[in-house]
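Asker: 3D, please:
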Amino acid sequence: MKKILIYRNCSLGDFIVSLPAINLIKNLYPNSKIYLASQVSKKISYVKPNQIPLKKKIIDRFIYFESWKINFLNFIKDIKKNRFDKVYYLNAFTSKKKLIRDYLIFSFLGIKNKAGFEFEKFNYQRFNETYYLCKRVKKKLNNNDISIKGYLDDIKPNKKKFITISFGGKNPLKIWNSRNWEKLITYIIEIMPNIKIIIVGSKNEYNQAEKLKIKEPKNIINLCGKTNIKKLVNVIGNSNYHISHDDGTMHIASTFQKKGVSIFGKSTAEKGRWFPQNPYLKIFFNNNVNNINLSIVKKKVIEDIKSI
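Answerer: Here you go, the predicted structure:
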C-alpha cells in the first residue's frame, strides 16, 4: 500500500480551503494511506486539523510540529521512518527561498516523487486559493473538483432561527472597529426585535463580546470560548445567517453554503485569495477595513435576514 504525504500549514481556514485538493489526491490514490503534515502553532490557530469533523475520511493520519525550535526534529524523524512514496506540497507560496528550502528537506528525507513545488504567479482577481491548490493536483478542473460544499460532518438539526456573528481575529488589518459591530448588532435588533444572535469565537474574544454596548443584550448569546470545534461547526451549520471577518468561521459557513456577509481588510495576501466559494456570501472589501461603509453593510444584512 502506497503512502502519500501532503504538506500544508494549517489554521482552521487554511485547512478548510485545502479540502477539495486533499480530496482530489484521495481520489487519485483511493487505496493509499494519506498523511497530512503541518506546522500547527498556537500563535496561528487554536484548532488542529484532526479535530475538525469531516463527513468523509480523506486523511488517515496527521503529523504536526509546533515550530522549528519545538519538536521539529521528532516531526522529521516521523516523516523519514514512514518512507513516503510521494509528497504533495500544498503550502502557501511565500517566497522562492522557502519553496527551495522545503523541496530540499523532503529530498533529504528520501521522498523522490514530489508534486506542487512549481513556483508560479497567481491571478487572485480570477481564482482563489482553493482553485490554485487543486491545480497542483489536477490540471483540468471542473466545478465539482473545486467546490467546498459538503466537506464538514452532518449537523444535528435545530429548528430555532438565529444568526451567528464572529468579529474576532489575530490580524489587526482584518479587524473592523468594535464600534461598527456595536452599531450593526444594535440596528439588527431594532429592526428585528425577536432575532437571536449567537456570537462565536475563541476564549480570547469572550470579554470583547461581553463589553459590547448593546441596548437589548437579552437577544445575544456569547459562546466565545465555550465551544469545541465540533460544536462550533454545529452552531454555524444550523444558523440562518453568518456575519464575520475573513476568518475560519467564514469558511465553515461556506461549506454549508450559508447566506451571510464577510468584512475583508487587506491582509498579507492579495485581494481575492481567501474569498470563499460561496455565492450566497456577500464580501465587503477595503484595503483599510475601517473604511468599509457601515450603512451599506447594515442595508445588505437587513435585506437578507428579513427573509429568514
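Asker: With just CA atoms, put stretch 167-179 into PDB.
Answerer: The C-alpha coordinates for stretch 167-179 follow below in PDB (Å, rounded to 0.1, in the frame of the first residue of the first chain):
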ATOM      1  CA  PHE A 167     -15.800  39.500  15.000                       C
ATOM      2  CA  GLY A 168     -12.500  38.300  16.400                       C
ATOM      3  CA  GLY A 169      -9.200  37.600  14.800                       C
ATOM      4  CA  LYS A 170      -5.400  38.000  15.300                       C
ATOM      5  CA  ASN A 171      -4.500  40.200  12.400                       C
ATOM      6  CA  PRO A 172      -5.400  43.900  13.100                       C
ATOM      7  CA  LEU A 173      -5.500  44.600   9.400                       C
ATOM      8  CA  LYS A 174      -8.600  42.400   9.200                       C
ATOM      9  CA  ILE A 175     -10.400  43.700  12.300                       C
ATOM     10  CA  TRP A 176     -13.400  46.000  11.800                       C
ATOM     11  CA  ASN A 177     -13.800  48.600  14.600                       C
ATOM     12  CA  SER A 178     -15.800  47.200  17.600                       C
ATOM     13  CA  ARG A 179     -18.000  50.400  17.400                       C
END
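Asker: Please list the residues outside that stretch that contact it.
Answerer: With contact meaning C-beta atoms under 8 Å, 6 or more residues apart in numbering, stretch 167-179 is reached by 43-44, 181, 199, 201-202, 204-205, 208-209, 211-212, 224, 244-247, 263-268, 289-290, 292. For glycine as for every other residue, the C-beta is placed from the backbone atoms N, C-alpha and C.
Asker: What ranges does the protein have for its helices?
Answerer: Remark: helices assigned in the chain by DSSP state H are 12-28, 72-82, 96-108, 129-135, 143-146, 178-191, 206-210, 229-238, 248-255, 294-305.
Asker: Now distance to S166 and mean pLDDT too, for those, in TSV please.
Answerer: Below are those laid out as TSV (distance: least, C-beta to C-beta, whole Å; pLDDT from 0 to 100):
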stretch	distance to S166	mean pLDDT
helix 12-28	11	95
helix 72-82	31	93
helix 96-108	30	92
helix 129-135	19	90
helix 143-146	24	94
helix 178-191	10	94
helix 206-210	10	89
helix 229-238	9	94
helix 248-255	4	95
helix 294-305	14	96
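Asker: tell me the most buried of those helices?
Answerer: Burial of the helices of the chain is given as mean neighbour count (mean count of other C-beta atoms under 10 Å); helix 248-255 ranks first at a mean of 27.
Asker: just checking, what packs against that helix?
Answerer: Secondary-structure packing of helix 248-255 (3 or more C-beta pairs under 8 Å, 6 or more residues apart in numbering; DSSP states H and E): helix 12-28, strand 163-166, helix 229-238, strand 241-245, strand 260-265, strand 281-286.
Asker: Show me what the fourth one is packed against.
Answerer: Pointing back at strand 241-245 there. Short answer (3+ C-beta pairs under 8 Å, 6+ apart): strand 241-245 packs on strand 163-166, helix 248-255, strand 260-265, helix 294-305.
Asker: can I get the ones you listed in a markdown table with distance to D154?
Answerer: As requested, the helices and strands packed on strand 241-245 are arranged in a markdown table below (distance: least, C-beta to C-beta, whole Å):
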| stretch | distance to D154 |
| --- | --- |
| strand 163-166 | 18 |
| helix 248-255 | 11 |
| strand 260-265 | 20 |
| helix 294-305 | 25 |
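Asker: Can I get the helices of the chain in TSV including distance to I4?
Answerer: As requested, these are exported to TSV (distance: least, C-beta to C-beta, whole Å):
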stretch	distance to I4
helix 12-28	6
helix 72-82	10
helix 96-108	13
helix 129-135	15
helix 143-146	18
helix 178-191	43
helix 206-210	40
helix 229-238	25
helix 248-255	23
helix 294-305	42
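Asker: just to revisit the earlier point, out of the helices and strands packed on strand 241-245, which gets nearest to F117?
Answerer: Taking C-beta to C-beta, helix 248-255 is the member of the helices and strands packed on strand 241-245 nearest to F117, at 25.3 Å.
Asker: related to what we said a few turns ago, for the helices and strands packed on helix 248-255, give me CSV that also has distance to F65.
Answerer: Shown next, in CSV, are these (distance: least, C-beta to C-beta, whole Å):
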stretch, distance to F65
helix 12-28, 15
strand 163-166, 28
helix 229-238, 20
strand 241-245, 28
strand 260-265, 30
strand 281-286, 33
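Asker: Which of those sits closest to F84?
Answerer: helix 12-28 (12.5 Å).
Asker: Now the closest one - C-alpha only, PDB.
Answerer: Extracted in PDB, the C-alpha atoms of helix 12-28 (Å, rounded to 0.1, in the frame of the first residue of the first chain):
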ATOM      1  CA  LEU A  12      -8.800  26.500  10.600                       C
ATOM      2  CA  GLY A  13      -9.500  28.400   7.400                       C
ATOM      3  CA  ASP A  14      -6.300  27.100   5.700                       C
ATOM      4  CA  PHE A  15      -7.400  23.600   6.300                       C
ATOM      5  CA  ILE A  16     -10.900  24.000   5.000                       C
ATOM      6  CA  VAL A  17      -9.900  25.700   1.800                       C
ATOM      7  CA  SER A  18      -7.500  22.900   1.100                       C
ATOM      8  CA  LEU A  19     -10.100  20.100   1.500                       C
ATOM      9  CA  PRO A  20     -11.000  19.900  -2.200                       C
ATOM     10  CA  ALA A  21      -7.300  19.500  -3.200                       C
ATOM     11  CA  ILE A  22      -6.900  16.800  -0.500                       C
ATOM     12  CA  ASN A  23     -10.000  15.000  -1.800                       C
ATOM     13  CA  LEU A  24      -8.600  15.000  -5.300                       C
ATOM     14  CA  ILE A  25      -5.400  13.400  -4.000                       C
ATOM     15  CA  LYS A  26      -7.500  10.800  -2.200                       C
ATOM     16  CA  ASN A  27      -9.400  10.100  -5.400                       C
ATOM     17  CA  LEU A  28      -6.200   9.600  -7.300                       C
END
